[in-house]
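A.B. asks: When you get a sec, could you give me coordinates for this:
(chains A and B)
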Number of protein chains: 2
Amino acid sequence: MTMKAVVFHGAFDVKVEDRPKPTIKDDTDALVKVELAGLCGSELHMFRGHQKTKTGHIMGHEFVGVVDSVGPKVTKYKPGDRVVSVFATVCQTCWFCQRGLGNRCANSLAFGTQQLDGGQAEYVRVPFAEGTLQHVPPNLDERLLVMMCDIFPTGYYGAMRAIEFIGKPLLPQAVQNGSGHEKRAATFEPQALKDTVFVVLGCGPVGICAVLTALSKGVGTVYVVDAVDERLAEAEAVGGKPLKLGRDDIQEIVMKATDGRGADAVVEVVGNKPALKSAIDLVRVCGIISSIGFHQSELPFTAFEAYQKNVTLNFGRAPISTLFPEALECLRENKEKVAAFISHEIPLAQAPHGYDIFEKYQARKVVFKV
Amino acid sequence: MTMKAVVFHGAFDVKVEDRPKPTIKDDTDALVKVELAGLCGSELHMFRGHQKTKTGHIMGHEFVGVVDSVGPKVTKYKPGDRVVSVFATVCQTCWFCQRGLGNRCANSLAFGTQQLDGGQAEYVRVPFAEGTLQHVPPNLDERLLVMMCDIFPTGYYGAMRAIEFIGKPLLPQAVQNGSGHEKRAATFEPQALKDTVFVVLGCGPVGICAVLTALSKGVGTVYVVDAVDERLAEAEAVGGKPLKLGRDDIQEIVMKATDGRGADAVVEVVGNKPALKSAIDLVRVCGIISSIGFHQSELPFTAFEAYQKNVTLNFGRAPISTLFPEALECLRENKEKVAAFISHEIPLAQAPHGYDIFEKYQARKVVFKV
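C.D. replies: Numbering: from 1, shown residues only, chains lettered A, B, ... in the order given. A predicted model of the protein is given here:
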């Protein structure tokens, strides 16, 4: 039996082809009949040829569909269940998965790579199905669920790491259980989120999701920094305060808004050196930099600067499956705003066109109907 | 009226001299009659001439004594109260102090510098007395309280930042209030401290205090890394597992003890580039580096490494006054072990000799009786 699938043939070259319908290989697999598949910005690294890879695999790491069949060890899902997938598999048994750190699952395979065919196809084999899939909640537009495979929880994580830190800038005991002869520590209250200033560096889809999360949770002021007018307009539409690179004196504006201290938190979503440099320049002493950008270069600040700033830094990617329930709740609260992201919904057969307009920034978010 | 004081005259040159007894200058001052004053490792930067400074000030930022007189705005302390001081003043009114971040008090002055005469003297003027002083608890050897001015709370902070993180590796909500349609997040438990492996890089006094804190709180295994045999022996005596630089294959030993993952937390107390490089090499994916060393150079790892490690980093110094009560409680639990630090208790008149033996590593901790 064959199926239609979007196959990678090299830079700027994807084709919709007939491929064998995948089958259950391992006891923990599920086979999913795809209904909607997203095209994600991170696929452009491969599509544009920047991320060198062999050809021949099926693209796509965002998909929503119906369980077709399951391996003998899958009991949580049964044929007919509607599901959404995480962008990479989550084995649930390794040391990291057992601690909720599925973002660094020791057995993880990313969909849409040489290691594992992706979801831009009629069917997709899902290894470690119980960890990798999530049940589709009722009463929620399926197109929105495509955002739950990667983008929304990633932005959510970036914002929430910072929000948590604002609530507990020192050590929780110091506030909650301060003991000893004076209990002085008990007299300090965490900074109220409404009085807190965030800067989100980069306002593509993940950045916007970070902005939505921050505002939903009550952060008082969220500045967004980008070089692209359209993105800044989108960020402003959801409540961010736009600052344009090359036009605005970002440092001065943020300092002025914080009595010269700097931002309480900087969420860095860009993944390059200038963004991290801005982050350290903009963050206040004893603040936090939550970096979810994928970095490939050096750190643009010294250990001396980090010491003097008394800064806390978090790097790396989100444990999507762990955060799925709470991120989904936040998505629900913002569903109209998130729905506005999805600019193009086109048939899978027209996938090459979808890649083309997405790559040329003529589409905000492309979803393929399968 | 004059008093005896240890005055800085330049590299390797301190003298005990007659100085005018200080007086209350500001409404928030207290004058303290010093009983015990510590000599701290960080004073060696100045004593050895590495930290360039003018001469003529009174040395010392660790002191315990009795309140002699107070300014009109000081109500918390009265003459006769026994007190211990934090190493730098804490104004209690600036934005940072109001949030418990006295480590970065906007009006802070460090004792024993050109800005503020120190406590190696018969009397010392203490600005912002209500924030800077702490009442001396009963039933505790005063010599131990000298450790509370700086060293013990700093080591405590280094260890506690990491311990807190182990208990909440993601976001507290994910564990405590996971909501949404699956509440999957509620199924994860934090790593038990008894199964946790820490590495403390540097085992001078602050490092030993970090080791004591970690073991007191239940961390299962604490490796300590240093180049000096005597220090490693001290660390071993309090329960650390010594690893000697240049002798042991530290990377291999830590990896072997953690099934190849790396240490859950690295507490870095050295403050140089090789130590931070070891920290990133030794920490596991999704682990934490708690750096309390005073760094003056670049960061010896890339943003790519930080991303791939999904690491959390904290830099900077401890908010001593905020943590004082809980750190003191931890000190009490370890009082015999901490008391063993204090190798020399000598009269203030012999201070130059104290500096001499301390600088030559012939003394572990020197306390001056005033």
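A.B. asks: And chain A, what are its domain boundaries?
C.D. replies: For chain A, the structural domains run A:2-136+A:340-369, A:153-315, going by automatic domain parsing.
A.B. asks: What segments of the stretch 151-300 of chain A are strands?
C.D. replies: Along the stretch 151-300 of chain A, the stretches classed as strands by DSSP state E, counting those that start in this stretch are A:197-201, A:221-226, A:241-244, A:263-268, A:283-291.
A.B. asks: Buried residues in the third one, which are they?
C.D. replies: Read that as strand A:241-244. A:241, A:242, A:243 (16 or more other C-beta atoms under 10 Å in any protein chain shown). From N, CA and C alone the C-beta is placed, and that goes for glycine too.
A.B. asks: which among these gets closest to residue A:10?
C.D. replies: residue A:242 (37.4 Å; C-beta to C-beta).
A.B. asks: Indicate which one of the strands of the stretch 151-300 of chain A is closest to chain B.
C.D. replies: Within the strands of the stretch 151-300 of chain A, the stretch nearest chain B is strand A:283-291; the backing value is 4.7 Å (C-beta to the nearest C-beta).
A.B. asks: C-alpha coordinates for that closest one, PDB please?
C.D. replies: C-alpha atoms of strand A:283-291 as PDB (Å, rounded to 0.1, in the frame of the first residue of the first chain):
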ATOM      1  CA  VAL A 283      18.900  42.400  31.900                       C
ATOM      2  CA  ARG A 284      19.000  44.000  35.300                       C
ATOM      3  CA  VAL A 285      21.400  42.900  38.100                       C
ATOM      4  CA  CYS A 286      20.000  39.700  39.700                       C
ATOM      5  CA  GLY A 287      17.700  39.200  36.700                       C
ATOM      6  CA  ILE A 288      17.300  36.200  34.400                       C
ATOM      7  CA  ILE A 289      18.000  35.400  30.800                       C
ATOM      8  CA  SER A 290      15.900  32.600  29.500                       C
ATOM      9  CA  SER A 291      17.500  31.500  26.200                       C
END
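A.B. asks: The helix or strand that it is followed by and chain B, are they touching?
C.D. replies: Next helix or strand after strand A:283-291 toward the C-terminus (DSSP states H and E): helix A:303-309. Yes - Helix A:303-309 is in contact with chain B by C-beta under 8 Å from any C-beta of the partner chain, via A:303, A:304, A:306, A:307, A:308, A:309.
A.B. asks: between the domains of chain A, which one is nearest to residue B:132?
C.D. replies: Counting by C-beta to C-beta, and looking across all of the domains of chain A, nearest comes domain A:153-315 at 12.0 Å.
A.B. asks: and the closest one, how far out from the chain's middle?
C.D. replies: 16 Å (C-alpha atoms, centre = their mean, to the nearest Å).
A.B. asks: Span of it from start to end?
C.D. replies: 15 Å (C-alpha to C-alpha, to the nearest Å).
A.B. asks: Stretch A:338-352 now?
C.D. replies: 25 Å.
A.B. asks: Go through the residues of helix A:303-309 next to chain B and give me the one with the most neighbours.
C.D. replies: residue A:303 (25 neighbours; other C-beta atoms under 10 Å in any protein chain shown).
A.B. asks: can you pull the contacts of that residue?
C.D. replies: Taking C-beta atoms under 8 Å, 6 or more residues apart in numbering or on different chains, we find residue A:303 in contact with B:273, B:276, B:291, B:295, B:296, B:297, B:298, B:299, B:300, B:315.
A.B. asks: which of the residues in stretch A:72-83 are buried?
C.D. replies: For stretch A:72-83, by 16+ other C-beta under 10 Å, it's A:74, A:77, A:81, A:82, A:83.
A.B. asks: could those go into a markdown table alongside pLDDT?
C.D. replies: Converted to a markdown table, the buried residues of stretch A:72-83 look like this (pLDDT from 0 to 100):
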| residue | pLDDT |
| --- | --- |
| A:74 | 97 |
| A:77 | 97 |
| A:81 | 96 |
| A:82 | 95 |
| A:83 | 96 |
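A.B. asks: Show me which pair in those is furthest apart.
C.D. replies: A:74 and A:82, at 15.2 Å, using C-beta to C-beta across those.
A.B. asks: what ranges do the helices span in the stretch 51-200 of chain A?
C.D. replies: A:129-132, A:142-146, A:151-167, A:172-176 (DSSP state H, counting those that start in this stretch).
A.B. asks: quick one: the shortest one to chain centroid distance?
C.D. replies: Averaging C-alpha positions (C-alpha atoms, centre = their mean) puts helix A:129-132 18 Å from its chain's average.
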